[in-house]
Every structure is written in C-alpha cells, then in structure tokens.
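*Asks:* Task: produce atomic coordinates for the following.
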Amino acid sequence: MSAEKLLPILHQHVESLKAQGIAKSRESIIAAFIAGENGLGPRVELQDHPGRKFLRMNSNSYLGLGRHRQVIAAESGAVERYGAGPGAVRFISGTFRPHVELEQRLADFHGREAGMLFSAAYAAMIGVLPALIDENTLVVSDELNHNCIIKALRLAKLGQKAVYPHLDMAALERILIENKGRFKRVCVVSDGVFSMRGDHAPLDQIDHCCQSHQHGYEQGVITVIDDSHGVGAFGLQGRGTEEVTGARADILVATLGKAFGINGGYVVASEGVIDYLRETAASYIYSNPITPAEAAAALAAVDIIDSEEGGRLLQSLRSMTARLRSGIVQAGFATLPGEHPVVPILIRDTAKTSALVQHLFARDILVTGLNYPVVAKGEQEIRVQVCAEHTIKDIGYFVAALQDFSGG
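*Replies:* Next up, the predicted model:
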C-alpha cells in the first residue's frame, strides 16, 4: 500500500488529539425519534443504547422544523417531482425552480434585493470572503469568530488582518483609525450570535463605527455577518441579530441547517453583490447546490416562521430559554445573560466539565462539553441548546439533574 508510511503519522496525530481531550471520538448515532408524552417533549434513541430515551439538549434545530409535517410534506412532494438530487452544479443544469424561489423568499425575509444558496453556511463563508477580499483589503475580525470565518480568511489574499478582543468596539474603532490611508478597502467580519456563548455582536455599534470611518478608505468599509445561530431563533420575528440590534449588515450569511431545520447555507445582499458572487464564489460555482427537495422544505420552513404558528414557536423558545437560565442559576451554576437559546453553563474546570457531561448522560440527557484547548483555560463550559419542542417538564428534569450533581 502506498499509504503505509503515512499511516503511523496519521495515527500519531489522532492519538495526540485524544491525549489533549479534543478528539471527536466515536459519534453518537441517533436511531429513532420517540414522541413526547405525559408533558414531556420528544426523545431520541441512540444506536448503542437501545431502550433508553434521551432528552436532546444539544441540537441546533431550535424550532423543531426538521420534523414538522408541512416541511416533510414539502420535501416529499419535491422529491417525487424533481428527484433525489440536483445532478449538476448551478450554472450547468443544477438550478431548479425551488432554488430560485427560495433565494427570493430568503431575500424578502431579510429585506434584501437578492439571495444566493450554497451547499452549507460553511461553504458560503468560504466562498464569500475570498471573493470580496484582495491585497488592498484590511480585514477586521472578532477574536471569537467561528472556524468558517478563520478558514475563509486563510484562503483569501488579504492585505492584512486585525483581530479585536471579543465585542470590544473601542478596539475596532482604534483599528479603523490607525489604518486610514494604508488600505483601499476594509471588511469587518463577525458572527452575529456566537455559537459557544449565545451572546451576540452589537451590530448597531459596529455599523455606526464603520459608517463613521467610510471616508478614510477609498473603497469603503463593508460588514459581513454570519448569523447562522441567530436567524430563525433570535428576535420576536426570528430575524436574528439584525432584528435585535436594529441594524443591518452589508452582507448577511446564514444557514438553513439550524432554526430552519433543513440543510444548506445562503447569503443575502444587494443585487449587485449577489451578481458578483455568482461569478466569483468558488464554493458556489464548483459545488452542487442543496437538493430541490431541500429547497422546497426550506421554503415551507420560512413560511412557518413567518406565520402565527412561527410566532408561537418563537415565544415558546424564549419562554423555555428564560426558564432554563433561571434554573441553572438556582442550581448553583453560572451562565451568561441573554435571550438566545444557546445557554452556556460556565464550569471553568476541565475535570468538572467532563464529570457533569457524564452525570447528565447517565440521566439520559445529551449535552456538549467544551474543554481546554477547544476553549481557553478558565472558559470550560457545557453548551446547552433549547428547542421550542422542550416543555416545562423537560427543563425541570434538566435542572433537577444539575442539582443532583456532586461536583465530580
């Protein structure tokens, strides 16, 4: 085998990840969904643990739309009409009516002129940033930005990158002041909602700062926001960080794979920006799109969020999130304030974090533990995610399990 010399090196790398405690290891395999009963929400069965019913507190499906009857019916009908896959990239023969309809629906949902689908939000960021950045561009990035932004910037041929401390607007302004005259263009990029903490970027302040310094750069200062965790789960109408802050990014990237419950990513912006990205974003040009059936399902999901039912789901999500935050504090743990359904339990100790994850698993609760070096020392946490399908009894069961924890 030609890879024989390479295999020991690969094995050593995997073992090193395990030793550091950051290996993903074996994935939990969901074998079935089990309907809720007696005031409890849905449960899942894991393949390696038959007969046990797990409360899922680590899902991105914030509204439970992936299993909504209208969404499933829309996808099923589109499969019958268009088939299981697109069969080509968009510019060859891979564009179907549901793709185009969804792009316009998403643009309307966000109050933009145009939208553009990608195979994933990660692929969207990988495509968008390198296309907008050149050697004359200064990129300014929040230190806690998602991996997709970090990797996209490594692919881009940028002039310089500056990183400001998390949510530090004074530092952002200093960077813009200090670099006037050195670059033609500035791209300020940030998560909307930060996936590990559930806090959000002060987009109104970012926008004001950027507008204040437009005159110092020949090609202006643009904002690119990845609000994958915000859209559909944050704000009274589910419009995410833009709604909550009352401000708008020049270019908004988001996902269909979280609150919308489907798959894929997208970007919305002015028509001119979208026309340019269709010609330059490599991950759009050279990758198949989501399936026509997924696009039809996503259309149904957007319509639900915009309906009275969507309003009820968002209200339930906010209510359960507030109940959980209060319960975490009452159980003697620390968390961060906010309304987003990502609710971190701040443990700040690696051994205790791992012990609490195991304690909850033993009580049929699935959570995600984040330990050093995935997060900085002193920032170890358990990320809990609320879903509109969770009930008062579910939250009470979870809080009771926290109260039973002895400390590891």
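
*Asks:* contacts, neighbours, all on C-alpha from now
*Replies:* OK.

*Asks:* Quick one: the strands in the stretch 101-250 of the chain, in order.
*Replies:* Under the criterion DSSP state E, counting those that start in this stretch, the stretch 101-250 of the chain contains strands at 114-118, 137-142, 160-164, 185-191, 221-226.

*Asks:* wait, which of those is closest to residue 339?
*Replies:* strand 185-191 (16.4 Å; C-alpha to C-alpha).

*Asks:* Residue 106 is nearest to which of the strands of the stretch 101-250 of the chain?
*Replies:* For the strands of the stretch 101-250 of the chain, proximity to residue 106 was assessed by C-alpha to C-alpha; strand 114-118 is nearest, at 6.3 Å.

*Asks:* chain center to the closest one, what's the gap?
*Replies:* Relative to its chain's centre, strand 114-118 lies at 17 Å (C-alpha atoms, centre = their mean, to the nearest Å).

*Asks:* what's around residue 25, how many residues?
*Replies:* For residue 25, the number of neighbouring residues by other C-alpha atoms under 10 Å comes to 10.

*Asks:* Now it: closest residue in space, sequence neighbours ignored.
*Replies:* With C-alpha to C-alpha, 6 or more residues apart in numbering as the criterion, residue 25 has its nearest non-adjacent residue at 7.7 Å, and that residue is residue 18.

*Asks:* Just after the helix or strand that contains that neighbour, pick out the following helix or strand.
*Replies:* Element membership of residue 18, judged by DSSP states H and E, is helix 7-20. For helix 7-20, the following helix or strand on the C-terminal side (DSSP H and E) is strand 30-34.

*Asks:* what's the helix or strand following that following strand packed up against?
*Replies:* Using DSSP H and E, the helix or strand that follows strand 30-34 towards the C-terminus is strand 43-46. On a contact count with 3 or more C-alpha pairs under 8 Å, 6 or more residues apart in numbering; DSSP states H and E, strand 43-46 meets strand 30-34, strand 55-56.

*Asks:* Now with 6 Å, please.
*Replies:* strand 30-34 (3 or more C-alpha pairs under 6 Å, 6 or more residues apart in numbering; DSSP states H and E).

*Asks:* So which residues of the protein form helices?
*Replies:* With helices called from DSSP state H, the chain shows them at 7-20, 69-82, 97-109, 121-132, 147-155, 169-178, 203-212, 241-245, 271-280, 282-285, 292-305, 308-330, 350-362, 392-403.

*Asks:* Run a quick neighbour tally on residue 192.
*Replies:* A count of nearby residues for residue 192, using other C-alpha under 10 Å, gives 28.

*Asks:* now swap in residue 82 and tell me
*Replies:* So residue 82, with other C-alpha under 10 Å, has 15 neighbours.

*Asks:* do residue 3 as well
*Replies:* Other residues lying near residue 3 total 7 when counted by other C-alpha under 10 Å.

*Asks:* What of residue 404?
*Replies:* Residues lying near residue 404 (other C-alpha under 10 Å) number 11.

*Asks:* How much space separates it from residue 332?
*Replies:* Noted for residue 404: a distance of 11 Å to residue 332, by C-alpha to C-alpha, to the nearest Å.

*Asks:* what do you get for residue 258?
*Replies:* Counting by C-alpha to C-alpha, the separation of residue 258 from residue 332 is 30 Å.

*Asks:* more neighbours, the two?
*Replies:* Neighbour comparison, residue 258 and residue 332: the larger count goes to residue 258, with 25 against 10 (by other C-alpha under 10 Å).

*Asks:* residue contacts, the more buried one?
*Replies:* 60, 61 (C-alpha atoms under 6 Å, 6 or more residues apart in numbering).

*Asks:* how far away is the residue nearest to residue 25 from residue 26?
*Replies:* Noted for residue 18: a distance of 11 Å to residue 26, by C-alpha to C-alpha.

*Asks:* Have a look at these two and say which one is more surrounded.
*Replies:* Per other C-alpha under 10 Å, whichever of residue 18 and residue 26 has more neighbours is residue 18, with 13 against 6.

*Asks:* Pass me the low-pLDDT residue ranges in the stretch 1-150 of the chain, would you?
*Replies:* Residue ranges of the stretch 1-150 of the chain with pLDDT under 70: 1.

*Asks:* Domain parsing of this structure, as residue ranges.
*Replies:* Following automatic domain parsing, one gets these domains for the chain: 23-67+308-403, 69-305.

*Asks:* could those domains go into a markdown table alongside distance to residue 7?
*Replies:* Below are these laid out as a markdown table (distance: least, C-alpha to C-alpha, whole Å):
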| stretch | distance to residue 7 |
| --- | --- |
| domain 23-67+308-403 | 17 |
| domain 69-305 | 26 |
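
*Asks:* so which of those domains is the most packed in?
*Replies:* Across the domains of the chain, averaging neighbours per residue (mean count of other C-alpha atoms under 10 Å) puts domain 69-305 on top, at a mean of 20.

*Asks:* Who are the contact partners of residue 120?
*Replies:* Per C-alpha under 6 Å, 6+ apart, neighbours of residue 120: 264, 265.

*Asks:* if we go to 7 Å?
*Replies:* Applying C-alpha atoms under 7 Å, 6 or more residues apart in numbering to residue 120 gives the contacts 255, 263, 264, 265.

*Asks:* do the same with residue 342
*Replies:* Residue 342 sits next to 197, 198, 383, 384, 385, 386 when contact means C-alpha under 7 Å, 6+ apart.

*Asks:* what sits against the nearest residue to the fourth one once chain neighbours are set aside?
*Replies:* For residue 384, ignoring the flanking residues on the chain, the nearest one in space by C-alpha to C-alpha, 6+ apart is residue 343 at 5.1 Å. Remark: with contacts taken as C-alpha under 7 Å, 6+ apart, residue 343 is in contact with 197, 198, 325, 335, 383, 384, 385.

*Asks:* Can I get these in a markdown table including pLDDT and distance to residue 275?
*Replies:* Compiled in a markdown table, these are given as follows (pLDDT from 0 to 100; distance: C-alpha to C-alpha, whole Å):
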| residue | pLDDT | distance to residue 275 |
| --- | --- | --- |
| 197 | 92 | 34 |
| 198 | 94 | 33 |
| 325 | 97 | 43 |
| 335 | 96 | 43 |
| 383 | 95 | 38 |
| 384 | 97 | 39 |
| 385 | 97 | 36 |
